[in-house]
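In: Predicted model and sequence follow; I will ask about them next.
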Amino acid sequence: MFERLSKIFYGGDYNPDQWDESVWEEDIKLMKALRVNAVTLPVFSWARIQPSEEKYDFSWLDKVVDLLGRNSISIIMATPTAAQPAWMSKKYPEMLITDIQGRKHKHGRRVNFCPNNTDYRRLSGLITEKMAQRYKDLPNLIMWHICNEYGIYSYCYCENCARAFRIWLKNRYGSIEELNRRWNANFWGHTYYNWEEIEVPSYLTEIMPSWLGKKDMTAFQGMAIDYNRFMSDSYLDCFLNEVRVIKKHTPDIPVTTNFMGSHKPIDYFDWAKHIDVISWDNYPTNNLPVSKPAMRHDLMRGLKKGQPFFLMEQASNQVNWEPQNALKRPGVMRMLSYQAIAHGADSILFFQWRQTRGACEKYHSAIVPHAGHLNTRTGRELTKLGKELEGLGKKTVGSRINSKVAMMMDWPNWWAIEFSAGPNEDLLYLDQLEKYYRAFYDLNISVDIINPSYDLSGYDIVVAPVLYMVMKETASSVEKFVESGGIFITTFFSGMVDENDLVILGGYPGAFRKLLGLWVEEIDALYPDMTNKIVMKEKFPEMAKKEYECRLICDVVNTEGAKTLAVFGKDYYNGSPSLTENEFGKGKAVYIATEPEDDFMKDLIKHYCKEKAIHSFIRPQKGVEVTQRVKDDRTFTFILNYNSEEISVALPEGKYTNLLNGAVVSGEITIPSKEVFILEN
């Protein structure tokens, strides 16, 4: 299936239908000058291809496809089903979404369709069938790209979705009695006697908008979480509706759809089972720490257990949707491109090829700007990058990252935490994940981001920040991991509930109480201006300070076999455990009962990494990122210097070839500002 994915693909979204045909030949000349070898099309061209229900016009697309083929440019063929034509919305108004406020939308924007609408499913399947039949034999077809950014704006809450939701619930629970039990429906007199009594959870029913300040709250978490599951499944069914058609005609061509990193509405781990190659859109802003896109890259790689992914979209320069759309500074676009490859990408693709003249994205940067030529700062950077990627060829393609650390992430857990009424509205799941990820990132320790259901046997350390919702299988898997010698690190508000957000009785942290050797008597939420202290009792060489600041949550912990490593320094629980370690079999289970300052996290992680002999290829330095990809017996070390000044790096013994310029280096080397080295030893 992956035979055609034999190089780093470089290019982006191509929308020739937005331009006169006279521009197309010039596009090809510029593509060849840049070493572009792949384009994605026709992402949003449904209306151009299908002017009415009975008529299809592929003539313009055939010309473009032929032009690309004659110039040896590969095609990622996109189905245009993210934006249905206006005639379709008018003819089938029930196709349009109803939002969470109960408002029926009219035609406009994109991804403005109800995923459970049968007409949308039928018509999207038909145009996919036409395209698959027409283009199945293209020798330069490397991948199918289904729709675009599913779930970007909203779920749908229409009557059709309500009917489909009831069927989904029947299939999940079997009986109305079981549903009542799993939802704890006796609360507030919500007992159901008939499936038709169930409404979708919206602002008209169970969802309380901004009740928790930064988050919506729900009266019934079990129902709301299930609706999120159902909606994620509904969009997945739309995707699979097109995949089945494509696989009938091109079973050996891989299929993808573009994800959006940590996009809350869609359960990407669940979707990953049905996707051949993960791809995603990366749009970090200038003021975003580089650890954040790094974490999203690692998530994309983790979705399919380490398989390389495609960077499907990024901006060549500024975007258009931020309050202040700052330019990417010189060298930043190239650095972010190599960061993607360093974390597992096998493509560097942009949105879009040519900057559009009108509409909301006219000031979103593109490869070819409004000036119409490449003699610009960005154009010169893109030309340099294209030459370098062409020189890399297939060396790094297919290589993997061998991580000894994993961090658990779970979408239903995310939904449950942020639907929860308590303990603190400032508790945001991604904030906690990013905090723990950053501790490893700053030490240049690679991390696989995995689903709790994944096999843990290949790891030495597994971190599960705020793993609030825990299945029995996960609890058992973690226990076996620790018994076998692993180190498991978790936090406050973990192990608390089952898959329906029902509290696991018998004392917090429920599913992990035995493993952690403790129980949590009370959970204190701190006001935004309040802090406490973590006072170390155990002396670790890596812990630089005796006291650290903490905030957000403080658990009142009673140990049941766990060793107290640190205590709280203030309030009535002064002296009670804030950090514990429990020996369990051959391993250890560590509990952090609060949100610590960053220095604490970095020092603690350094301690446990040292215990497991996990270390960086070179000494960690601020503003320097290091990763390694491995292919057969070859190791590729990426060193990226984000600093505004050059740095010196001491390499381990041996000679290394810099794949970007062929230079052989050893010992202490100098890496200029905003520069990357890819070293093979």
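Out: The structure has been received and is ready for your questions. Keep in mind that what you see is a predicted model, and the values were worked out from it rather than measured.
In: What is the strand ranked longest in the chain packed up against?
Out: Of all the segments of type strand in the chain, defined by DSSP state E, the longest one is strand 547-559. Contacts of strand 547-559 with other secondary structure elements, assessed using 3 or more CB pairs under 8 Å, 6 or more residues apart in numbering; DSSP states H and E, are made with strand 518-525, strand 532-536, strand 577-584, strand 594-596, helix 598-611. Where C-beta positions appear, they are placed from N, C-alpha and C, glycine not excepted.
In: Parallel or antiparallel, which strands does the helix or strand just after that strand pair with?
Out: Scanning the chain past strand 547-559 towards its C-terminal end, the next helix or strand to appear is strand 563-568 (assignment: DSSP states H and E). According to DSSP bridges, strand 563-568 has the following sheet partners: strand 532-536 (antiparallel), strand 577-584 (antiparallel).
In: next one: the last one to chain centre, how far?
Out: Centroid separation for strand 577-584 versus its chain: 31 Å, with CA atoms, centre = their mean, to the nearest Å.
In: repeat for the first one
Out: Computed by CA atoms, centre = their mean, the chain-centroid distance of strand 532-536 equals 33 Å.
In: for L61, what are its contacts?
Out: If a contact means CB atoms under 8 Å, 6 or more residues apart in numbering, then L61 has 17, 41-42, 45, 49 as its contacts.
In: Show me these that map onto helices.
Out: I49 (DSSP state H).
In: Of the contacts of L61, which pair is most distant in space?
Out: In terms of CB to CB, the contacts of L61 reach their longest pairwise distance at L41 and I49, which sit 11.1 Å apart.
In: the more surrounded of those two?
Out: For L41 against I49, the residue with the higher neighbour count under other CB atoms under 10 Å is L41, and the figures read 24 against 20.
In: so the more buried one sits right up against S74, yeah?
Out: No. Assessed by CB atoms under 8 Å, L41 is found out of contact with S74, at 11.3 Å.
In: Looking at strand pairing, list the partners for A650.
Out: E668.
In: thinking it is in contact with G667, fair?
Out: Yes. Because the distance of 7.1 Å satisfies CB under 8 Å, A650 is recorded as touching G667.
In: Just the mean pLDDT for the single longest helix found in the chain, thanks.
Out: Within the chain, and with DSSP H defining each element, the longest helix by residue count is helix 221-249. When pLDDT is averaged over helix 221-249, the result is 98.
In: Now do the helix or strand following that helix: which elements does it pack against?
Out: Next helix or strand after helix 221-249 toward the C-terminus (DSSP H and E): strand 255-256. Contact partners of strand 255-256 among helices and strands, from 3+ CB pairs under 8 Å, 6+ apart: strand 141-145, helix 221-249.
In: if we go to 7 Å?
Out: Judged by 3 or more CB pairs under 7 Å, 6 or more residues apart in numbering; DSSP states H and E, strand 255-256 is in contact with strand 141-145.
In: So what's the gap between the strand it packs on and the chain middle?
Out: Put simply, strand 141-145 sits 21 Å off its chain's centre (CA atoms, centre = their mean).
In: what is the orientation angle of that strand with helix 221-249?
Out: For the pair strand 141-145 and helix 221-249, the angle between their directions (axes from the mean of the first three to the mean of the last three CA atoms, to 10 degrees) equals 150 degrees.
In: Check which residues of strand 141-145 are buried.
Out: 141-145 (16 or more other CB atoms under 10 Å).
In: tell me which residues in stretch 553-572 are buried?
Out: Buried residues in stretch 553-572, counted by 16+ other CB under 10 Å: 553-557, 559, 562, 564-569.
In: so which of the residues you listed comes closest to E645?
Out: Using CB to CB, A566 is the member of those that lies nearest E645, at 37.0 Å.
In: what residues are up against that closest one?
Out: With contacts defined as CB atoms under 7 Å, 6 or more residues apart in numbering, A566 is in contact with 534-537, 578-579.
In: Please list the outside residues in contact with stretch 314-330.
Out: If you take CB under 7 Å, 6+ apart as the criterion, stretch 314-330 is touched by 282-283, 285-286, 333, 336, 350-351, 360-361, 363-367, 377-378, 382.
In: Among these, which ones are in strands?
Out: When strands are assigned by DSSP E, the members of the contacts of stretch 314-330 inside them are F350.
In: ok, of the contacts of stretch 314-330, which come out buried?
Out: Buried residues within the contacts of stretch 314-330, defined by neighbour count using 16+ other CB under 10 Å: 282-283, 285, 333, 336, 350-351, 364-367, 378, 382.
In: so which one among these has the lowest pLDDT?
Out: For these, the minimum pLDDT belongs to T285; the value there is 92.
In: Distance check, the residue lying closest to that one once chain neighbours are set aside against L428.
Out: Closest residue to T285 apart from its sequence neighbours, by CB to CB, 6 or more residues apart in numbering: E322 at 5.8 Å. Distance, E322 to L428, by CB to CB, to the nearest Å: 20 Å.
In: ok, those two, which is more surrounded?
Out: Between E322 and L428, counting by other CB under 10 Å, L428 is the more crowded of the two (17 against 12).
In: What residues does the more buried one make contact with?
Out: Applying CB under 7 Å, 6+ apart as the definition, the contact partners of L428 turn out to be E418.
In: do that again at 8 Å, thanks
Out: Here L428 is in contact with 214-215, 418 (criterion: CB under 8 Å, 6+ apart).
In: Tell me the spacing between it and D20.
Out: With CB to CB as the criterion, L428 and D20 are 48 Å apart.
In: cool, and E129?
Out: Counting by CB to CB, the separation of E129 from D20 is 30 Å.
In: who has more neighbours, these two?
Out: Counting neighbours by other CB under 10 Å for E129 and for D20 shows that E129 has the greater number, 15 against 7.
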